[in-house]
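[1] sequence and predicted structure are below.
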Amino acid sequence: PGTPSYFQCRFRTKLSNLPYLRTTYFQLPDSSIRMVLTILNLIHTPSPDDASNKKKLLKQVLVELVATTVFVYFGTMSAISTGTKLGGGSGSGEDVARVFPIAFTFGITIMCLVYAIGHITGGHINPGVSLLMYFQREISFPKMIAYWLAQLVGALLGSSLVLGSVSSLAGQTRGTDVVTTFAKAPFQLGSTTLDGQISSANGFLLELMGSFFFYFVISQCALDAKGISKTSIPAIPIGFSLIVVHICLIPFTGCGVNPARTFGPAMITCWSGGDCDVAIQDWWWIYYIGPFVAAYLVAEITHLMNWEVDKEEIYTETKQQEAEADVEK
């Protein structure tokens, strides 16, 4: 009592001027620091004009399609070539020695592709990343939808190529101690599956945290002008962050953190007559909701980190009284 509150939350809303709602902001000592919420930021910030040039957009969409095809092909192929079925469904569970090759394949592949196409499309190769870029107003809504379609089609194409590459394994036996037969779609083409010993809630939190870490590194390394975004090295930490996430998540969820990577193998497994009941179960949603929620959270935290707090002045009693009067009104 008798001393001004350090944080004073002030809300202003012009109902007559919807949908241009005034954003919520916090007033620190003698400086107005504006907290722009993600949803309100979409209302206030003009959409980038990145879809008017149809030829350029088509070029970018095709590049995203090719890149996603390559990413899904080599990433999921590593799960097959190492001889393990994600989720422990092979009867012998996960061999920890095989986790590292899979993790490094996904991470190095994304790093190489970001270097290859980042200057053309931004190197999303992931619907969750595209959603993050939309939340941060780096791309427009039409471009995000176009990228999503390209990524999903690319994932289907990549998984189809994986099936074509290993189709001769179907029906053949493998193993020595436990002899099993390859299914029509061997190892569900590297589909992401939830380990039977953990719940869907566990899987959701794992996918949420894995996606959050991956997307956070992308946001800070590729977008922050005060960081390394203008250099040639953002792809390196992005690739290594994906390796870390795969090492942690593969034994539990198979590691999605990319809805397109989950979508392609699962759909082609089902369409080819493979073990669809293994590739898609009642936990399928965690591989889509988790990354999308993570994209929103990263966008929120990025806004928080972009607060301008360097120029802070002395908080005077006069401005305290003005703030209180404004709140009363």
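    Great, that's in hand.
[2] give the buried residues for stretch 260-276.
    For stretch 260-276, a neighbour-count test (16 or more other Cβ atoms under 10 Å) marks 260-270, 272, 274-276 as buried. Any C-beta I mention is one placed from the backbone N, CA and C, and that applies to glycine too.
[3] sorry, slip of the keys, the one I care about is stretch 238-247.
    Taking 16+ other Cβ under 10 Å as the criterion, stretch 238-247 shows 238-243, 245-247 as buried.
[4] output those as CSV; include the columns distance to residue 128, pLDDT and secondary structure.
    Output for the buried residues of stretch 238-247, formatted as CSV (distance: Cβ to Cβ, whole Å; pLDDT from 0 to 100; DSSP: H, G, I helix; E, B strand; the rest coil):
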residue, distance to residue 128, pLDDT, secondary structure
238, 13, 96, helix
239, 16, 95, helix
240, 18, 96, helix
241, 13, 96, helix
242, 12, 97, helix
243, 17, 96, helix
245, 12, 96, helix
246, 15, 96, helix
247, 19, 94, helix
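[5] so which of these comes closest to residue 199?
    Relative to residue 199, the closest of the buried residues of stretch 238-247 is residue 245; by Cβ to Cβ it sits at 20.0 Å.
[6] what's around the nearest residue to that closest one once chain neighbours are set aside, how many residues?
    Nearest residue to residue 245 in three dimensions, chain neighbours excluded: residue 210, at 4.2 Å (Cβ to Cβ, 6 or more residues apart in numbering). Counted with other Cβ atoms under 10 Å, the neighbours of residue 210 add up to 26.
[7] give me the phi and psi for residue 210.
    Main-chain torsions, residue 210, degrees, to the nearest 10: phi -60, psi -40.
[8] one more: the one 3 residues further on?
    With angles defined as degrees, to the nearest 10, residue 213 shows backbone torsions of phi -60, psi -50.
[9] ok, now which ones touch it?
    Contacts for residue 213 were tallied using Cβ atoms under 8 Å, 6 or more residues apart in numbering; they are 241, 244-245.
[10] coming back round to it: just the buried residues of stretch 260-276: which are in helices?
    Taking DSSP state H as the definition of helices, those contribute 260-270, 276.
[11] so where does residue 237 fall, helix or strand?
    Following DSSP states H and E, one finds residue 237 within helix 235-253.
[12] that helix packs against which elements?
    Secondary-structure packing of helix 235-253 (3 or more Cβ pairs under 8 Å, 6 or more residues apart in numbering; DSSP states H and E): helix 96-121, helix 200-222.
[13] recalculate using a threshold of 10 Å.
    With contacts taken as 3 or more Cβ pairs under 10 Å, 6 or more residues apart in numbering; DSSP states H and E, helix 235-253 sits against helix 54-81, helix 96-121, helix 200-222, helix 286-305.
[14] minimum distance to residue 135: which of the ones you listed has it?
    Among the helices and strands packed on helix 235-253, helix 286-305 comes nearest to residue 135, with 3.7 Å by Cβ to Cβ.
[15] tell me what the closest one is packed against?
    Using 3+ Cβ pairs under 10 Å, 6+ apart as the contact test, the elements touching helix 286-305 are helix 38-44, helix 127-135, helix 200-222, helix 235-253, helix 259-271.
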